[in-house]
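1. Curious how this folds, go ahead:
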Amino acid sequence: MQVKLLPTPEQASALEATLRACNRAATHASQVAFAKHLKDRNGLQKEVYTELKATFGLSAQPVVRTVKKVVDAYATLKANLQAGNLGPPTSKRHRRAVGTPIAFRPQAAQPFDDRCLSWQYDARTVSVWTVDGRMKGIRFACSPDQLKTLVQYRKGESDLVQRGRKWFLIATCDIPDPEVYEPADWIGVDRGIVNLATTSDGTNHQGRRLSRYRRWQARKRAELQARQTRSATRRLARRAQKERRHATHVNHRISKEIVSVAQRTGRGIAVEQLGGIRERVRLRGDQRRTLSSWPFHQLGQHLAYKARKAGVPFLEVDAAYTSQRCPRCGHTERANRPDRDHFRCRRCGLAGPADVVAGVNVRDRARSAWAFVTMPVPHPA
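-> Below you'll find the model as predicted:
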């Protein structure tokens, strides 16, 4: 749960000094961990605890959270290396990741537990430990629904985040998932670039408006990159953040509408498994940036968590040939889809919008998969 802080100038100055001190301490602890091969929390904390308190002005509990942040960063790096997310061992990116200690930005997020940060929900204020002492009465803003969620389910750490001149707290909320109902049927969702999402009901959430917006942003980005000035670099960073927020808003709106339709009609939601699509699909040079930067994977994530929150069944099914298979006769052929927008079966003549046909195939596969999942297992005699 993200809430916006409304600090006074004095409070903002203390928060900024705290972030900088914590991240300087985290960078130093990371260098010690890298040099002495200390990746476990107890070992690293024993090595740097006294030094971080004396040198960087941190209290006991912020030192503990800073060490935990460093250990978690190395655990994440190890997971990414094992998953191949940083390329093969011979790649420059992989060698740089394993050959240098992790460094933390001055404004990187800092976790606080309940000993360092407390919430006053009635007054809508928080009390935060800072290097200038305990800072009380920092106001925060949130909606009534967010406040209700915080009161009922907030648990564990809260991350202090600075974005430009704005301050946020990201609180961890442990919300129990409602029981998933038995679906009466399924809504198949086909994701794409021209059409962000097309359902088996024929509802089309077009991405053309977002495509125009992103092309306009790309032109402005090229103009700013050509200037090669500091102000242009700062404007590029602001534009990139604004573009991501816009795409995220569109994905939230689409996923919310699809989940509400499924919940109202008692159906489940099925999407294609799109993992590894960048490795499977061969594109022209002018298409690669569009595919790499397109937020269709984020749309699937929004659908998954919103469905789980609403108790709507959610499935991912095999994406193979969903755009080439005829849902009526089962004939699968590349020629069934003569162009991007149209489908026409070469055997039975079924015709229609290609994205809707793909959504129907996704729905049919979800029916079969759910029947197999819920099939009772026979007991041995």
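2. Where does the most centrally placed residue in the chain sit, in terms of helix or strand?
-> Note on the chain: the residue nearest the mean C-alpha position is Gln298, at 6.4 Å, using CA atoms, centre = their mean. Using DSSP states H and E, Gln298 maps to helix 296-310.
3. Do I have it right that the residue nearest to the centre of the chain meets Val250?
-> No - when contacts are counted by CB atoms under 8 Å, Gln298 is not listed as touching Val250 (9.8 Å). Every residue, glycine included, has its C-beta placed from N, CA and C.
4. would you list every one of the strands in the stretch 151-300 of the chain?
-> When secondary structure is read from DSSP state E, counting those that start in this stretch, the stretch 151-300 of the chain shows strands at 154-163, 166-173, 186-191, 195-199, 204-206, 268-272.
5. from memory Arg235 sits against Gln225, does it?
-> No - using CB under 8 Å, Arg235 is not in contact with Gln225, being 10.4 Å away.
6. Compare the two (neighbour count), which wins?
-> More neighbours surround Arg235 than the other of Arg235 and Gln225, with 15 against 11 (other CB atoms under 10 Å).
7. can you pull the contacts of the more buried one?
-> With contacts defined as CB atoms under 8 Å, 6 or more residues apart in numbering, Arg235 is in contact with Leu224.
8. Now do it against Gln162, distance only.
-> If you measure Arg235 against Gln162 using CB to CB, to the nearest Å, the figure is 19 Å.
9. what sits up against the helix holding Gln298?
-> The list of residues contacting helix 296-310 from outside it, by CB under 8 Å, 6+ apart, reads 175, 177-178, 189, 191-193, 196-197, 247-248, 251-252, 254-256, 258-259, 262-263, 268-269, 271, 274, 312-314, 316.
10. Quick one: buried ones out of the residues you listed?
-> Buried by 16 or more other CB atoms under 10 Å: 189, 191-192, 196-197, 247, 251, 254-255, 258-259, 262-263, 268-269, 271, 274, 312-314, 316, out of those.
11. what about the stretch 151-300 of the chain, any weak spots by pLDDT?
-> For the stretch 151-300 of the chain, residues meeting the criterion pLDDT under 70 lie at 207, 275-294.
12. let's go with 80 and repeat that
-> Within the stretch 151-300 of the chain, the stretches falling below the threshold (pLDDT under 80) are 192-195, 206-211, 213-214, 274-296.
13. Could you list which of the contacts of helix 296-310 belong to helices?
-> Filtering the contacts of helix 296-310 for membership in helices, criterion DSSP state H, returns 247-248, 251-252, 254-256, 258-259, 262-263.
14. Which one of those is nearest to Ser59?
-> Out of these, the one with the shortest distance to Ser59 is Thr248. That distance is 35.9 Å, counting by CB to CB.
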